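> Sequence plus predicted model, see below.
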Amino acid sequence: MSKVKVPVARPVIGAAGKTGIWRVSRPVVDYSRCTLCGICWLYCPDSVVEISEDKKRVVIDYDYCKGCGICSVECPFNAIKMVREEVR
Amino acid sequence: MSKVKVPVARPVIGAAGKTGIWRVSRPVVDYSRCTLCGICWLYCPDSVVEISEDKKRVVIDYDYCKGCGICSVECPFNAIKMVREEVR
Amino acid sequence: MSRGEEPDILEISWYGRGGQGVVTAAQILVWAAMLEGKYGMAIPFFGAERRGAPVIAYNRISSKPILVRGSVKKPNIAVVVDSSLIGIFDPFNVVRDNGYLIFNSVERPEVGGRKNINVSYVDAVKIALDIGLVIAGIPLVNMPMLGALAAVTEVVNVDSIVQAVPKVISSKVEENIEAVKRGAREVKRL
Amino acid sequence: MSRGEEPDILEISWYGRGGQGVVTAAQILVWAAMLEGKYGMAIPFFGAERRGAPVIAYNRISSKPILVRGSVKKPNIAVVVDSSLIGIFDPFNVVRDNGYLIFNSVERPEVGGRKNINVSYVDAVKIALDIGLVIAGIPLVNMPMLGALAAVTEVVNVDSIVQAVPKVISSKVEENIEAVKRGAREVKRL
Amino acid sequence: MAHKFFPKEEFLLKGHAACPGCGAALVLRHVLKALGARTILVIPASCSSVIAGPFPKSSYSVPVLHIAFAASAAAASGIVEALDKLGEKTFNVVVWAGDGGTADIGIQALSGAAERGHDIIYICYDNEAYMNTGIQKSGLTPYKAWTTTTPRGNPSFKKDMPGIMVSHRIPYVATISPAYPNDIVSKIRKAAKIRGLKYIHAHIPCPPGWRFDSSLTVRIARLAVLSGVWILYEYENGVFRLTGPSRKLVDKSKRKPIGEYLKLQGRFRHLSERDVEELQKLVDERWEAIRKDIMGENA
Amino acid sequence: MAHKFFPKEEFLLKGHAACPGCGAALVLRHVLKALGARTILVIPASCSSVIAGPFPKSSYSVPVLHIAFAASAAAASGIVEALDKLGEKTFNVVVWAGDGGTADIGIQALSGAAERGHDIIYICYDNEAYMNTGIQKSGLTPYKAWTTTTPRGNPSFKKDMPGIMVSHRIPYVATISPAYPNDIVSKIRKAAKIRGLKYIHAHIPCPPGWRFDSSLTVRIARLAVLSGVWILYEYENGVFRLTGPSRKLVDKSKRKPIGEYLKLQGRFRHLSERDVEELQKLVDERWEAIRKDIMGENA
Amino acid sequence: MKRMVLSGNYAAAYAVKAAKPHVVSAYPITPQTTVIEKISEFVEKGELDAKVIRVESEHSAMASVIGAAAVGARVYTATSSQGLLYMYEMCWWAAGARLPIVMGVVTRAIAPPWSIWTDHSDILTLRDSGWIIMFAASAQEVYDMTLQAYRIAEEQCVSLPVAVAWDAFVVSHTYEPVDILDDEEAKDFIRPREEKSLIDFEDPGSLGNLTYPDTYQEMRYDISRAMDNALSIIRDIDEEFGKKFGRKYGGLVEKYLCGDADYIIFLVGAAGGDARVATNILRRQGVKVGICRIRSIKPFPYKEIIDVCSRAKAIAVLDRSSVFGGKGPLAVNIRAALHESGINIPVLEVVGGLGGRDISVEDFLEIFRLVIKGKKGLIWWGLKGGE
Amino acid sequence: MKRMVLSGNYAAAYAVKAAKPHVVSAYPITPQTTVIEKISEFVEKGELDAKVIRVESEHSAMASVIGAAAVGARVYTATSSQGLLYMYEMCWWAAGARLPIVMGVVTRAIAPPWSIWTDHSDILTLRDSGWIIMFAASAQEVYDMTLQAYRIAEEQCVSLPVAVAWDAFVVSHTYEPVDILDDEEAKDFIRPREEKSLIDFEDPGSLGNLTYPDTYQEMRYDISRAMDNALSIIRDIDEEFGKKFGRKYGGLVEKYLCGDADYIIFLVGAAGGDARVATNILRRQGVKVGICRIRSIKPFPYKEIIDVCSRAKAIAVLDRSSVFGGKGPLAVNIRAALHESGINIPVLEVVGGLGGRDISVEDFLEIFRLVIKGKKGLIWWGLKGGE
Ligand SMILES: Cc1ncc(C[n+]2csc(CCOP(=O)(O)OP(=O)(O)O)c2C)c(N)n1
Ligand SMILES: Cc1ncc(C[n+]2csc(CCOP(=O)(O)OP(=O)(O)O)c2C)c(N)n1
Ligand code: SF4
Ligand code: SF4
Ligand code: SF4
Ligand code: SF4
Ligand code: SF4
Ligand code: SF4
Ligand SMILES: [Mg+2]
Ligand SMILES: [Mg+2]
């Protein structure tokens, strides 16, 4: 008799799929304004802002960024613009 | 087809039977001490102390008095004695 | 056709009031039977359990394992722990012919028209009070009644009851045993 | 053997994203069918409803009462309200031979290898934006798509859609109707 | 003469099934006197389901809906809204629930009804344990008290249920005691006049549950008040007021030592002197908080 | 630089199923950062059951017990006691429940767990309605707010859930806001060090539920604090302390008018000026009570 | 009569509006929520003069309608799945107290794992409780049955609560044309609740007192008799409704081409439509098949089922609910009926469609094929990876 | 081995003590209360090293043991009637989550009206939920079965919760001799729970995530298979227990003189003893009668029942639970079994013993007489005033 398969779900990135396709607008960083203050990282509800290895760049993971626009509103230096995604 | 009999219980004295037989001791009023202050009436949890029509007497309904002894303890004039019921 | 046809079962009904230890008595009786290599069962009937309120319990005792669990309707023995209950229960009529009726009573009880039964009585209240077995104002009359039962009938020996008491009771064990013994000694047959 | 054997049922699948009004469109279509004396059903498939998340809805339209409630697997018509979903849903392959594919798109869509289907497209976003039908940043592209659907296929008339709109929608009714009409007008066949 | 100042009619009929000396029966008797015949009782599973007596009889001579343990405040909500919709004008809907039925299993329904503000008088009769099932610890069992599920004393503290209800910002919260029937009647009547959910918490000595002689019910209730263990007060629209004998007890010297209250009860028999001191300290701290509160208000 | 002062590791994995701009996701992200990997989440029915993503995937990279709506605090009680008995030493058991799962259907379990004092961090993420089912009124929906079951505004007042928990006399009660992540982290870490049940109440702006653009989540959360609608504080062993920006807001002139907060949200769009004034008054009264409290303490 | 496009849930709300209850009390749960949202809207717009109690849980939802019904009010509530399980104690209470409560149940799978899609396990938990359980298969039937439920519940020889169930999403959220009664028509069909309040200040009584072993059983027997009475009441009211408004469903069961059928599938709920399509297809091929859709789960229509089977060669029973360690709730009852009347035909017991798994026309064709081949016993249908 | 005089409830408590659970969580309800009182006493005396959670309701009782079991603890809880109904949602949860929880259920009638006496309606509400349900008929069997329940629940091919039921008062509060295992014996029979925690910090996972229609049904099917596995596990463990300690009960059913019986009564629970006495009486008169006491309500022992019936001329089935608008839960399953195997004998369906109504030896004699006379169909037994 077979053992139990207990239905345990496992953590993975993209549990709800590539949530980047949910995006209506895309946050685009203007690196000339960015001070790397980290506020966008702090307030992103989707954990998609990364401060790149060499600490020189704020990188947004567009595969998963839902385009909520919080980073854009909260950036103290107005360094993030929301750009309408093309409706393909 | 018969109508519903809805199982409604109706108020009656002695819903749990003649609770007087539960009694271990019997409260006996010493009318010589009683001032008709009404304290025994006030504190009886079994609603069995009555102040008789002519307002001259405290009457205990022994059919239902459970002999708890509260009246005896609370009577400010020590006018109620608890007397052991005969075990018949 | 009655349960009596299941051979060899003795049925006992206890009639008492909340606080008198009726269920405990029935339980001790099972221990006592077990100590004698018999089987037993103690079946309390629970209503609203209240101090002073009527309580009933049954025993079945047998040399074989007992199967029946229905309530006892025609006991071989009725133990009337509190005679004031006679209006509520009817120990006289339920007991089988040649059965036993055992009363807690100061004096010879009235048995009415019923013939063909063995009646006895014991002043269990006096015994309990003498020994100081009183809880919350209620004399614990169960022990003397157990003693009387053992003495009058052949269900179990008094000794077995004495041995069974500490299996169930953990305080005032000596006094309880004394009460059993006095019940056995002081019971009177009609 | 496919459901198609139940004669006379037209099946439609809508592919869109949360907030684009896909379910509302399907519902209006049933009203429109009803106004034409037909029967209809709008079956939304609900997952976790989220703004922007993929959403699917089905229609069945028939001249007789509709019995089937299972999900639509091979629609006669697929309305792709949001082309970005093509990776997730597969409108090309599901549509039946000689069926219709209607895209919300600025330009001629890529249809890959699929033959045997009628493809058309309309720039619904532009229409919605032109007319000011935007909620929480999302253009309400459902109305132009309904218009396009009615114009390109024979499911219902554009007029019926226009009449059905106020049954379901209570604000900006005029604008919505205008959007339906423009969708019908501006749709392009491949 | 006491009887002259109280309503005559009895709605708790004699021959009910409460134990001898039951504090719950005594309080219920006065509650019903205070409210009169146009009162519906909603009673969840509890001693009071049994006190009613078995079908087809009832010892309560007002309409009663017996209801499941967790459900009383919700059932009462339905009754109030229905009677209102059906055009009834004057009536009292009273929940009469034990401490378990209030603070444990019933708290969800009570909290919800309080939030919605139905016109209910909710009375918790608090005998400080599940008595109907034979004395098990409830959320209102006092710290260190013996019960059958806490054979060595309750490790938890008694929930401050009236305080929790005050936090619900209902219009009226009060405490009562069987030793003070006049206080009962006046609070109940006041509650009946206020719209919304009124919460009244009664302290209920219980002879078998607390292990004391049935004659001492009122005495123990009184000692609870006079020692400051049970505080008589009311909160009307958030304003706190001590009532009756409790008014004088802010001054610690006026309070009896808690030992007098504890020693009469078998459930506290196992307490050491240290335990008693600890309990005394808790009482004193509670009063100190009250003192500060009152002073703060005066300031 | 903010990122330097916060733990790096993400336990709320990207690609989760929250709506764009979800305040709950943002707060949970920081809660998990603050607590780290040895944390078990207990999640009752709520948006967070969905945010998790469908089987066999999960967007939470800590162990999670999904549980029935009413059951979270009780399930957590069992987990804590079991882990303790099984010899585990360092772990956090966190209930992560919505306002409905906390103040309505879940309050019985929460109240019971609080009374027993299990070592649980209970976090209520309060988006002020049943969001998972599509925006119905809960016991924490604000007075007059639109929901689908209160199309003309909620007639009831929002339960003071932290106040109710303070009445439970638990060792720690605090409020948090997604606008102040440092405050979140420090309170969560403090809670993790205290034994017993800790209650933390998070204010959670919800774009679809409150009807605002998803980019405004943090701004609205901040306005709630700065207008004094949402007050940041903690109660440690009964001692009250304002925290963060709320410390300065006792002085009314420092507070922003409530209208600034309300006007961004569709759920308050139907309010008249009178309504707004009434709501402003309620906020001011609340602060006046706090002022008195603090003054009382200072005196 | 007015034709509208409504979802199953909205149809329920419109029926409730027509029944004019005094008190509506419910707690949200997907997929029931839109029922109460719509009712709330009616009330706030003044189209329905009822009190809405926005309770804090389903246990309280049922408790509050119990309270209201006990004092004479007409009431409504609705729920699903976990909600039904959470109010389970109170459901038994409602039946034991003989209160004519009407409840909508949008069937949904039971957790864990969480699933919001249709599955009849939830409603079937009520089947011993004393509730009458009717199962509707379209928005129109939801409307009609919800109205009829009040008549059935309030019949003096019944006086039991009635649950009207329908499938999640495929009925609850599916929009289709529904004919709605005019006010006059509704008034004619459904009069105000007659019975006077159980709880009366003039003649006070108590509901629910303790019973000793000498009184309890008779009260249960009374419910059993009321349930038996309901068999004909359900039929009669279906007839009356049919005469008045032109729609009837066959009462306890809806038979489709069963008259001369050799092979019949028994089932409950919305899948009945797809099953009928399969039947049509096979009939066109000359195979005599039929569908018997059980509308009344309680009281269970043994007589009708035996009737239907008396000419059949083999049948299948579809249980759309979890079946663990035994047979499905429908299968077991149908087999029992066959046993009692000595009908010795093969029965294929099919368990499937759980948690929203589609059961399509193709599935029914396949099931018919198996039945025709003589397959019997219990099978799980549509498992990924097979049994 | 040690012989003591114990009530059924105390026997359960002693078995729990022997099983050494980590967490015990329960809420009082008559007639279950003395189980948890006794366990509390063991714990406070240091005789059992477990955590006792004194929860605020049964919903929380089951939730807390679910939490504890999910992280690897062995657990116990117990309840009755309203308590079981109040925790109903969580019972389904426990099974769905595949947690090997053991629960005692002292069967009691469901309110209203209030009644505290035996009636199997409560435990039967669990029969679809995925719980294994065993029913014991004496204090000894309560002890033995509670111990065995842990073995069954924790078997890797089962991993389901197990309820052990027994009748209120006639078993729960009736004192009789019970043989108790020594510590060594118990240790030998019941090892610590093997399975590692579901929830692990090193390899974190989630229990209960949402499932779309494409995954739910397979999880239910797994439970169904586990339940099927339990059929032989229950038998095997009964055998093993019998070999080790000399007591066995026949596994899924206890047959009494069924081998050559012409007439058999099927039943559940304590009335089995009285029924056996009636059997003895009739056997002495030369009438070939037998009793088949069903011990495993879930999984339901169809095979055993068919076996027993294959030689019988007629049978009766006693349902000691409310039966409304249909057939009783036992009757329906037994008839279904007979139908499936083509056994065409008359079945008398008896509903009785509700709310503590006595069913005595005389009653069984009378029922046998009716069966012998060929009476069939459904009757309510022992009604005052007749049907
Ligand atoms: C759901 C449920 N759980 C448990 C019970 C058993 N029960 C009946 S009364 C009671 C205790 C009631 O305690 P409390 O509310 O304090 O009232 P009291 O009996 O002390 O008067 C319990 C546990 C029940 N009836 N229903
Ligand atoms: C017993 C029960 N009733 C109802 C539901 C349906 N339900 C699931 S989540 C939810 C709303 C949760 O609201 P809240 O706790 O505020 O969390 P939110 O969804 O807002 O995050 C409801 C009503 C359920 N799952 N179980
Ligand atoms: S918030 Fe703005 S400035 Fe700060 S790191 Fe982000 S993009 Fe750069
Ligand atoms: S738009 Fe939203 S999700 Fe995308 S990076 Fe900015 S805050 Fe994160
Ligand atoms: S309390 Fe004493 S003095 Fe007063 S009325 Fe009663 S008996 Fe008389
Ligand atoms: S003894 Fe008790 S019951 Fe009897 S009259 Fe006195 S107070 Fe009342
Ligand atoms: S147990 Fe206590 S509260 Fe209950 S009836 Fe007896 S005295 Fe009253
Ligand atoms: S509804 Fe609100 S709380 Fe729920 S996931 Fe969406 S934004 Fe977050
Ligand atoms: Mg109590
Ligand atoms: Mg919420």
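Yep, it's here. A quick note: this is a predicted structure, and the numbers were derived from the prediction, not measured. Ligands and ions are numbered 1, 2, ... in the order given.
> Would you mind measuring from the residue found closest to G:Tyr216 once you drop the neighbours it is linked to in the chain to G:Leu210?
Using CB to CB, 6 or more residues apart in numbering or on different chains and skipping residues adjacent in sequence, the residue nearest G:Tyr216 is H:Gly355, 2.5 Å away. (Each C-beta comes from the backbone N, C-alpha and C, glycine too.) When CB to CB, to the nearest Å is the yardstick, H:Gly355 and G:Leu210 sit 10 Å from each other.
> Check the contact lists of the two and give me the overlap.
Common neighbours of H:Gly355 and G:Leu210 are listed as H:Ser115 (criterion: CB atoms under 8 Å, 6 or more residues apart in numbering or on different chains).
> so the residue nearest to G:Tyr216 sits in a helix?
Yes. Remark: H:Gly355 belongs to a helix, assigned using DSSP: H, G, I helix; E, B strand; the rest coil.
> re earlier: between H:Gly355 and G:Leu210, tell me which one has more neighbours.
Per other CB atoms under 10 Å in any protein chain shown, whichever of H:Gly355 and G:Leu210 has more neighbours is H:Gly355, with 29 against 23.
> can you map out the helices along the stretch 151-299 of chain E?
E:161-167, E:181-193, E:207-210, E:217-226, E:258-262, E:273-298 (DSSP state H, counting those that start in this stretch).
> what do you get for chain A?
With DSSP state H, the ranges of helices along chain A come out as A:39-43, A:70-74.
> Now for the residue nearest to G:Tyr216: which residues touch it?
When contacts are counted by CB under 8 Å, 6+ apart, H:Gly355 touches G:211, G:213, G:215-217, G:220, H:109, H:115, H:117, H:119.
> ok, those vs ligand 9, which is closest?
Ranking the contacts of H:Gly355 by separation from ligand 9, with CB to the ion as the measure, puts H:Ser115 on top at 20.8 Å.
> how many other residues sit next to C:Pro166?
Residues within reach of C:Pro166, counting by other CB under 10 Å, total 14.
> Correct me if wrong: it contacts C:Lys172.
No. Taking contacts as CB atoms under 8 Å, C:Pro166 lies outside contact range of C:Lys172: 10.7 Å.
> give me the number of residues near A:Gly69?
Using other CB under 10 Å, A:Gly69 has 25 other residues around it.
> which residues touch the nearest residue to it once chain neighbours are set aside?
Using CB to CB, 6+ apart and skipping the chain neighbours, the partner closest in space to A:Gly69 is F:Ser215 (2.9 Å). In this structure, F:Ser215 makes contact with A:68-70, A:72-73, A:82, F:21, judged by CB under 8 Å, 6+ apart.
> Relative to H:Ile223, how far out is the closest residue to chain B within chain A?
Relative to chain B, the nearest point of chain A is A:Pro7 (45.5 Å; CB to the nearest CB). Counting by CB to CB, the gap between A:Pro7 and H:Ile223 amounts to 10 Å.
> what sits in contact with each of those two?
Taking CB under 8 Å, 6+ apart as the criterion, A:Pro7 and H:Ile223 both touch H:Arg98.
> Which pLDDT does the model give the residue nearest to A:Gly69?
Looking at F:Ser215, its pLDDT stands at 97.
> With E:Gly296 instead?
According to the per-residue confidence, E:Gly296 scores 64 in pLDDT.
> quick one, what contacts the spatially most central residue of chain C?
In chain C, the centroid-proximal residue (CA atoms, centre = their mean) is C:Val79; its distance is 4.5 Å. Contacts here follow CB under 8 Å, 6+ apart; on that basis C:Val79 touches C:12-15, C:25, C:102, C:145, C:148-149.
> which among the residues you listed are in contact with ligand 1?
Within the set of these, contact with ligand 1 (CB under 6 Å from any ligand atom) is found for no member.
> Low-confidence bits of chain E, can you list those?
Using pLDDT under 70 as the threshold, the predicted model of chain E has low-confidence ranges E:296-299.
> C:Arg50 is in contact with E:Cys19, isn't it?
Yes. With contact defined as CB under 8 Å, C:Arg50 counts as touching E:Cys19 (4.9 Å).
> of these two, who's got more company?
For C:Arg50 and E:Cys19, the more surrounded residue by other CB under 10 Å is E:Cys19, and the numbers stand at 29 against 24.
> Which of the three states applies to that one?
Going by three-state DSSP, the secondary structure assigned to E:Cys19 is coil.
> Distance of it relative to H:Asn9?
23 Å.
> Equivalent analysis for E:His30, please.
Relative to H:Asn9, E:His30 is positioned 38 Å away (CB to CB).
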